[in-house]
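In: Any chance you can model this:
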Amino acid sequence: MSDAETSLLPVAVSEQLRRTDSDRFLSALFAPAESRPHLFALYALDQELKRIPGLVSEPMLGAIRFQWWRDTIGSIYQGEHPGHELVPSLAAAIEAGSLPAEGFHNWLDAREDEMSELPFADLAAMESHARRAEGSIMTMAGTILGTADMADKLSGFAAAYGLVEMLKRFGSAAGNQIALLPADHIAGQEDALFSGRLTPEITRAFSDVAFRAHSLLETTRKDPTAREVLPAGLHAGLVPGYARMFTHSGFDPYRSVPEIPAYRRQISLMARAMRGRI
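Out: Coordinates of the predicted model:
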């Protein structure tokens, strides 16, 4: 990472992002150097938002934290910089892409919705949530890269990766009494789910979501993707690898590591970037 990049994003934040959100971190490396710190700022904010359920003892305290972020981002648009290490880099990203405040509102609302015990009634609702949360982020990333007109195209990639990303968080979310699976698929399995006991019903629900993510990606990638927008959604190209992992007979979402080895992800992303297709 260059001196220019680290001057906009604290080194500790960028290193944490490399460890905790390496899919999007690696994807952003294919963006022009001047855009990378802005993408990193968005992804670092998302990590902050997704940490909230694990930091609070009850939903009301989580709601207060989400409201603080709404107020903080609102202050940035008013030209103020409240005290948080991400604020300067977020302000720079907002300015660089002329990002609309509405995108942040949709994004924060979606992440806050994940605070409930059963946030998704069915698979369609879970997919809609993925489009709303991940789609807001990808669209803003695309805007920073100068391809704001690709929002509809990015929506399909966002839905696919957003579903996989929730499956990656399934185990930790269950530990916080949150079921990141469709409620109709796991009816009557809540006690097992929250106690870390894998049942056939939970396994089937997990596989159904993974298959849907893969299907969404295959449908979306049939059309050519503008090369300029690739760094905004390139990580969606990792969905097939995750889908294979998540549907393997030996995979346990509570105890297996939900990550593809870094070298395999790097090779996959590089190959897709060279082809110019996600």
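
In: pLDDT of stretch 172-191, averaged?
Out: For stretch 172-191, mean pLDDT is 96.

In: buried sites along that stretch?
Out: The neighbour-count criterion (16 or more other C-beta atoms under 10 Å) identifies 172-174, 176, 178-183, 185-186, 189 as the buried residues of stretch 172-191. No exception for glycine: its C-beta is placed from N, CA and C like everyone else's.

In: I'd like to know which of these is nearest to residue 236.
Out: Nearest to residue 236 among the buried residues of stretch 172-191: residue 180, at 18.3 Å, using C-beta to C-beta.

In: list the contacts for that closest one?
Out: 114, 119, 120, 126, 166, 167, 169, 170, 173, 174 (C-beta atoms under 8 Å, 6 or more residues apart in numbering).

In: And the residues you listed, which two are furthest apart?
Out: Farthest apart among these by C-beta to C-beta are 126 and 174. That separation is 15.0 Å.

In: coming back round to it: need the contacts of residue 180 in JSON lines with secondary structure and distance to residue 49, can you?
Out: Formatted as JSON lines, these follow (DSSP: H, G, I helix; E, B strand; the rest coil; distance: C-beta to C-beta, whole Å):
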{"residue": "114", "secondary structure": "coil", "distance to residue 49": "9"}
{"residue": "119", "secondary structure": "coil", "distance to residue 49": "14"}
{"residue": "120", "secondary structure": "coil", "distance to residue 49": "17"}
{"residue": "126", "secondary structure": "helix", "distance to residue 49": "18"}
{"residue": "166", "secondary structure": "helix", "distance to residue 49": "13"}
{"residue": "167", "secondary structure": "helix", "distance to residue 49": "18"}
{"residue": "169", "secondary structure": "coil", "distance to residue 49": "12"}
{"residue": "170", "secondary structure": "helix", "distance to residue 49": "17"}
{"residue": "173", "secondary structure": "helix", "distance to residue 49": "13"}
{"residue": "174", "secondary structure": "helix", "distance to residue 49": "19"}
